[in-house]
Each structure stands twice: as structure tokens, then as C-alpha cells.
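what follows is a predicted protein model with its sequence.
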Amino acid sequence: MKNRRRQIFRILVILWMVLIFAFSAQPADQSTEISLGVGKAVGKVLIRDFEQLSAARQTAYAEDIDFVVRKTAHAAEYAVLGILFMFALGNSWVRWRPLVSFLCTVLYAASDEFHQRFVPGRSGQIRDVLIDSAGAAAGVLLFVGISVWRKRREKNAVNSGDKSCFRKIIRR
């Protein structure tokens, strides 16, 4: 069962990488259109009566937050990739799993930025690799933090004599 689960996560890693590649393969004007759409969606959530603003003001708002939207998307997509790598590696690399996951994610980020150099209107930037790396680190650290928290909780449950929780641990 665990091996099958790891295989599923390996497939998810590949699919997520394909999704990132597809976003990176979009020409600059298409990518800008998408991020401005996200910026307008953020405006609808954060600004009362945003929809009553003129189209020009809505677009101006989206343009104002475009950099933040793009860089947050970069960090988030690589945080997810880092987490997926953690699951995909399973317990086979327990000691090195966070480092291996982080490095695999950073290497993919660097290759993705290199790929963008060949897309019309796009450019590969070291800054984006650093932002992607920060996202990867956040994802891996989040995974490790939750894992440590869960293990401590299970250990405390066993030490306190909570038999129902002990049965759940045994079933794993």
C-alpha cells in the first residue's frame, strides 16, 4: 500500500512539473493576461464595490499588484512541488528526504527559468529561481513541521494511555 501511494505521488510530481512547464511556455502577453485576471479576482475579494469601478481602474489595480501576484504564484507552485517530492520519496530517504526534495525542486526551478529564455517575451531570471527556492523551502519545512507535530501528538497519545489513538497508530 505504501509503495503504491509513493508511486501515485511520483506521478503527481510529474504532472505538477508538466503544469509548471505549461505555464512557463505561455508567451508573455498570455501570461500577463492570466495574472491580471488573478489581480482583478483579488481586487473583488479585497476591495468593496470593486466591480463598480471602471474597467480602467480595475486594470490599474491588477497592474499595481501584478508583481506580487506573479511572485506569490511562483513561490506557491514550488512549495507544492517540494511537498509532492517529500511524499514521493517516502521513507526511503528519511534522513536526506528534505534536502533531496528541496534540491530536486530547485533544480527544476532553474531548468524552468532556462526554458523561459526560449519563450517569446519571457526571460529566465535568477531572482525567480530564488523565489521558487524560497517556496520550495517553505513547502518542505511545512511538511517536516507537520510530520514532527503528528509524531509528537501520537507519542503523547501513547504515553497518556489513549488506547483509541494507539489503535490508529497500529493500523498504519
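Now that the structure is in, tell me what you want to look at.

and the helices in this structure?
Under the criterion DSSP state H, the chain carries helices at the ranges 2-24, 28-46, 55-64, 66-89, 97-116, 126-159, 163-171.

now the longest one against helix 97-116, angle please.
With axes from the mean of the first three to the mean of the last three CA atoms, to 10 degrees as the criterion, the two stretches helix 126-159 and helix 97-116 enclose an angle of 160 degrees.

how about helix 126-159: buried residues?
Of the residues in helix 126-159, those with enough neighbours to count as buried (16 or more other CB atoms under 10 Å) are 128-129, 131-133, 135-140, 143, 154, 157. Using the backbone N, CA and C atoms, a C-beta is placed for each residue, glycine as well.

I'd like these as CSV, with distance to residue 22 and pLDDT appended.
As requested, the buried residues of helix 126-159 are exported to CSV (distance: CB to CB, whole Å; pLDDT from 0 to 100):
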residue, distance to residue 22, pLDDT
128, 16, 95
129, 19, 96
131, 19, 97
132, 16, 97
133, 21, 98
135, 18, 98
136, 19, 98
137, 24, 98
138, 23, 98
139, 20, 98
140, 24, 97
143, 25, 95
154, 39, 82
157, 43, 75
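
name the nearest of those residues relative to residue 26.
The shortest gap between residue 26 and any of the buried residues of helix 126-159 belongs to residue 128, at 14.6 Å (CB to CB).

pull the contacting residues for that closest one.
Residues in contact with residue 128, defined by CB atoms under 8 Å, 6 or more residues apart in numbering, are 71, 74, 109, 113.

tell me the pLDDT of residue 169.
Listed pLDDT for residue 169 reads 49.

wait, I meant residue 5
Model confidence at residue 5, given as pLDDT, is 89.

same deal with residue 51?
What the model reports as pLDDT for residue 51 is 92.

contact partners for it?
Residue 51 makes contact with 44, 58 under the criterion CB under 8 Å, 6+ apart.

ok, now how distant is it from residue 44?
6 Å (CB to CB, to the nearest Å).

now swap in residue 122 and tell me
Counting by CB to CB, the separation of residue 122 from residue 44 is 28 Å.

so for those two, which residue has more residues nearby?
Residue environment comparison for residue 122 versus residue 44 gives the larger neighbour count to residue 122, 17 against 12, counting by other CB atoms under 10 Å.

so what's that one closest to, chain neighbours aside?
Nearest non-adjacent residue to residue 122, counting by CB to CB, 6 or more residues apart in numbering: residue 116, 4.3 Å away.
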